[in-house]
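Undergrad: Sequence first, then the predicted structure, then my questions.
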Amino acid sequence: MTWRASVLTLFPEMFPGPLGLSLAGRALRDGRWSIDTHDIRSFATDRHRTVDDTPAGGGAGMVMRPDVLDTAIGGVMPEGDARPLVYLTPRGRLLDQAMVRSLAEGPGCVLLCGRYEGIDQRVIEARGMVEVSIGDYVLSGGETAALVLLDACVRLLPGVMGAADSAAEESHGAEGLLEYPHYTRPAEWKGRAIPDVLLSGHHAEIARWRRAESERITKERRPDLWARHEAKQCGAGGMDGHPAAA
């Protein structure tokens, strides 16, 4: 079954954007995934196609109306649609590789791209939305975040990436470590040489070097990920790497 993404947005022309190129674009043309975009304004009922109003209680900006959004969602998600409804928002759960894998393994997703100050809380609750953030910063709208989420999911779909090992060994894989450094020809460049071990042809030594580098980089750059990795390792086995006694 084709993995299907539906996007609710005020700017449908932003899609598929960069996802129409490279691996994602080829997979789109090959039918490995599909995307349909829907202009939220087309679900407004007044002649001005109004989708927002002033915030209750006062304050700056505008808030997207629950009635318009609910109609839009109903037009895109028929009864029985098993795909999760994701609202891209800075206050959401941080997108990580575990969430990406879960989404990629499902039938697809429906993405709601907010604008202005956000959307009415009542429609979030009524529709059981999953609130997701791509980082601790604020964008002009949810469209760019939706592209990030889709790119992360699509590359994990079967047949999209040429080598399965690419996904298994990269940053934020099953081990939760950052990826080791990469090198290619020439063997020496501006006085900097490729580490000898990578040219040795000794696969076990190369694997050990890469593992050590992944651990070093994760410790230095993401102590939060390293702490999580260590906790996972302690839970899976004893200090010597062997399974803990029952």
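TA: Nice, I can see it.
Undergrad: pLDDT wise, what is His242 at?
TA: The predicted local distance difference test score for His242 is 36.
Undergrad: Helices of the protein, residue ranges please.
TA: Residue ranges of the helices in the chain, as given by DSSP state H, are 22-29, 66-76, 97-104, 121-126, 143-154, 164-169, 203-221, 223-236.
Undergrad: rank the ones you listed by mean pLDDT and give me the bottom one.
TA: Mean pLDDT across these is lowest at helix 164-169; the value there is a mean of 60.
Undergrad: Look up how far Ala212 lies from the nearest residue to Arg221 once chain neighbours are set aside.
TA: Using CB to CB, 6 or more residues apart in numbering and skipping the chain neighbours, the partner closest in space to Arg221 is Leu178 (6.4 Å). (Glycine included, C-beta is placed from N, CA and C.) Distance check for Leu178 against Ala212: by CB to CB, to the nearest Å, it reads 13 Å.
Undergrad: now the helices of the chain in a markdown table, with distance to Thr45 and mean neighbour count?
TA: Output for the helices of the chain, formatted as a markdown table (distance: least, CB to CB, whole Å; neighbours: other CB atoms under 10 Å):
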| stretch | distance to Thr45 | mean neighbour count |
| --- | --- | --- |
| helix 22-29 | 33 | 16 |
| helix 66-76 | 8 | 18 |
| helix 97-104 | 32 | 17 |
| helix 121-126 | 16 | 14 |
| helix 143-154 | 24 | 22 |
| helix 164-169 | 45 | 12 |
| helix 203-221 | 51 | 14 |
| helix 223-236 | 47 | 13 |
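Undergrad: What residues does Ala126 make contact with?
TA: Ala126 makes contacts with Pro66, Asp70, as judged by CB atoms under 8 Å, 6 or more residues apart in numbering.
Undergrad: quick one, what contacts the residue nearest to the spatial centre of the chain?
TA: For the chain, the residue lying nearest the average C-alpha position, counting by CA atoms, centre = their mean, turns out to be Leu149 (3.2 Å). For Leu149, the contact set (CB under 8 Å, 6+ apart) comprises Val86, Leu88, Leu95, Val100, Leu103, Cys109, Leu111, Val132, Ile134.
Undergrad: Likewise for Met1?
TA: Shown here is Met1, whose contacts under the criterion CB under 8 Å, 6+ apart are Pro107.
Undergrad: Leu69 too?
TA: Shown in contact with Leu69 (CB under 8 Å, 6+ apart): Leu8, Ile40, Phe43, Val51, Leu112, Ile119, Asp120, Val123.
Undergrad: what pLDDT does the residue nearest to Arg221 get?
TA: Leu178 is assigned 94 on the pLDDT scale.
Undergrad: Could you tell me the phi and psi values at it?
TA: Taking degrees, to the nearest 10, you get phi -80, psi 160 for the backbone angles of Leu178.
Undergrad: Surely it touches Ser214?
TA: Yes: with contacts defined as CB atoms under 8 Å, Leu178 counts as touching Ser214 at a distance of 6.2 Å.
Undergrad: before we move on, back to that, would you list the helices of the chain in JSON lines and tack on distance to Pro16?
TA: Putting those into JSON lines (distance: least, CB to CB, whole Å) gives the following:
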{"stretch": "helix 22-29", "distance to Pro16": "6"}
{"stretch": "helix 66-76", "distance to Pro16": "17"}
{"stretch": "helix 97-104", "distance to Pro16": "17"}
{"stretch": "helix 121-126", "distance to Pro16": "26"}
{"stretch": "helix 143-154", "distance to Pro16": "8"}
{"stretch": "helix 164-169", "distance to Pro16": "21"}
{"stretch": "helix 203-221", "distance to Pro16": "32"}
{"stretch": "helix 223-236", "distance to Pro16": "31"}
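Undergrad: Residues in contact with the longest strand along the chain: which ones?
TA: In terms of residue count, the longest strand belonging to the chain (DSSP state E) is strand 85-94. Under the criterion CB under 8 Å, 6+ apart, residues 73, 77, 99, 109-114, 118-119, 124, 127-139, 142, 145-146, 149 lie in contact with strand 85-94.
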